[in-house]
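Chemist: Show me how the following folds:
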Amino acid sequence: MGGQTAEIAPADKRLYALRDVTGTVPSIPLITASILSKKLAENLNALVMDVKFGAAAFMADVGQARALAQSIVSLAGECGVKTTALLTGMDAPLGRAAGNWLEVQEAVACLEGNGPEDLEKLVIACATHLPGGDAEHAREELASGRPRAKFDELLAAQGADLDEFTAKLKKDSIAPVVKELVSPIDGFVRQCDARIIGELVRDLGGGRLNQDSVIQPEVGVDQLCRHGSAVRAGEVLGRVHAMTEEGAATAFGRLSEAIEISTEPPELPVLVADVVE
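Modeler: Next comes the predicted model:
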């Protein structure tokens, strides 16, 4: 867990800033270099990448995502790291939360074997593609509690207060304002637009609009309905966590636009569209 620092991939931060001002953010070679600079600095012997495509992904279509995945796999292999990339869709959110702290809560639940079904399936798929990986063993590990214990070790090594962290996990929300969106009718979730949800979380303060933006880790959306799931009138489709009533009201309206209910169940996309090795 980490990003570029003065000690780890120090040139990456400067190159990333140059990409913004030179209009080269979409450059696959530069994206590949940025991603692998941190990974290779960890002295790995194997790597599995989740490369997204779709409405909320940087790569809009699967062809672009495949080109990026092939670039990453090829360069990592040349550097001596056996790498596999899974191509996964991002038209709908993965899991049921979007936002910094809310996603941490959800990730911890997954590490304890209690995560959303789609997130757990993707975790198992990634583990399966590691050398010697096995799906059944991965399921057993998630249920064992050992992944959460390892995560706590990582936090402790970085100086985190584990007691404070655990206490915060137990809170329903750490944002001042929480607002629920409920379904007006019985039906099925035909759409849960990940791009709209990502943008509303950013605008709540959960992401950066510019380099000087201050991140609000508390904000976001959770209890999101799953694409294709059956819902009843009055059932929660999602909760907005905001710093102000005004922010909550704006995000609530956009969340309403992101979710569409139909009377017929939609066709569900596959979780992993392709594997690049």
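Chemist: Now do the phi/psi pair for the residue lying closest to A76 once chain neighbours are set aside.
Modeler: Spatial nearest neighbour of A76, excluding adjacent residues (C-beta to C-beta, 6 or more residues apart in numbering): T83 at 3.8 Å. Where you see a C-beta, it was placed from the backbone N, CA and C, and this is true even at glycine. The phi/psi pair for T83 (degrees, to the nearest 10) reads phi -130, psi 140.
Chemist: wait, what's in contact with T83?
Modeler: Counting by C-beta atoms under 8 Å, 6 or more residues apart in numbering, T83 touches A46, L47, V48, M49, I72, V73, A76, G77.
Chemist: What separation do you get for G145 and A6?
Modeler: 36 Å (C-beta to C-beta, to the nearest Å).
Chemist: beta partners of L181?
Modeler: G238 (DSSP bridges).
Chemist: If we ignore the residues flanking it in sequence, what's nearest Q105?
Modeler: L169 (6.0 Å).
Chemist: Tell me the predicted confidence for that neighbour.
Modeler: The model reports L169 with a pLDDT of 96.
Chemist: Next, count neighbours for it.
Modeler: 13 (other C-beta atoms under 10 Å).
Chemist: can you give me the helices in the protein?
Modeler: 10-22, 28-41, 62-78, 100-111, 117-128, 135-144, 146-157, 162-169, 194-201, 245-258 (DSSP state H).
Chemist: Can you lay out those helices as JSON lines showing distance to T88?
Modeler: Output for those, formatted as JSON lines (distance: least, C-beta to C-beta, whole Å):
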{"stretch": "helix 10-22", "distance to T88": "24"}
{"stretch": "helix 28-41", "distance to T88": "16"}
{"stretch": "helix 62-78", "distance to T88": "9"}
{"stretch": "helix 100-111", "distance to T88": "15"}
{"stretch": "helix 117-128", "distance to T88": "7"}
{"stretch": "helix 135-144", "distance to T88": "16"}
{"stretch": "helix 146-157", "distance to T88": "20"}
{"stretch": "helix 162-169", "distance to T88": "26"}
{"stretch": "helix 194-201", "distance to T88": "12"}
{"stretch": "helix 245-258", "distance to T88": "19"}
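Chemist: Show me the one of these that comes nearest K179.
Modeler: The closest of the helices of the chain to K179 is helix 245-258. By C-beta to C-beta, the value is 4.6 Å.
Chemist: can you list contacts of the closest one?
Modeler: The contact list for helix 245-258 (C-beta under 8 Å, 6+ apart) reads 177-179, 181, 191-193, 196-197, 199-201, 203-205, 219, 221, 237-238, 240, 242.
Chemist: Quick one: residues contacting S262.
Modeler: So S262 contacts G187, F188, R190 (C-beta under 8 Å, 6+ apart).
Chemist: can I assume the last one is in contact with L268?
Modeler: No: in this structure R190 lies outside contact range of L268 using C-beta atoms under 8 Å: 10.9 Å.
Chemist: So these two - more neighbours on which side?
Modeler: Neighbours per residue (other C-beta under 10 Å) separate R190 from L268, with R190 holding more: 16 against 11.
Chemist: Next one, pLDDT for that one please.
Modeler: Value for R190, per-residue pLDDT: 96.
Chemist: Distance check, it against D91.
Modeler: Distance from R190 to D91, by C-beta to C-beta: 12 Å.
Chemist: which strands and helices sit next to the helix-or-strand element of the chain with minimal mean pLDDT?
Modeler: Lowest by mean pLDDT, DSSP states H and E among the helices and strands of the chain is helix 10-22, with a mean of 77. Contacts defined by 3 or more C-beta pairs under 8 Å, 6 or more residues apart in numbering; DSSP states H and E place helix 10-22 against helix 28-41.
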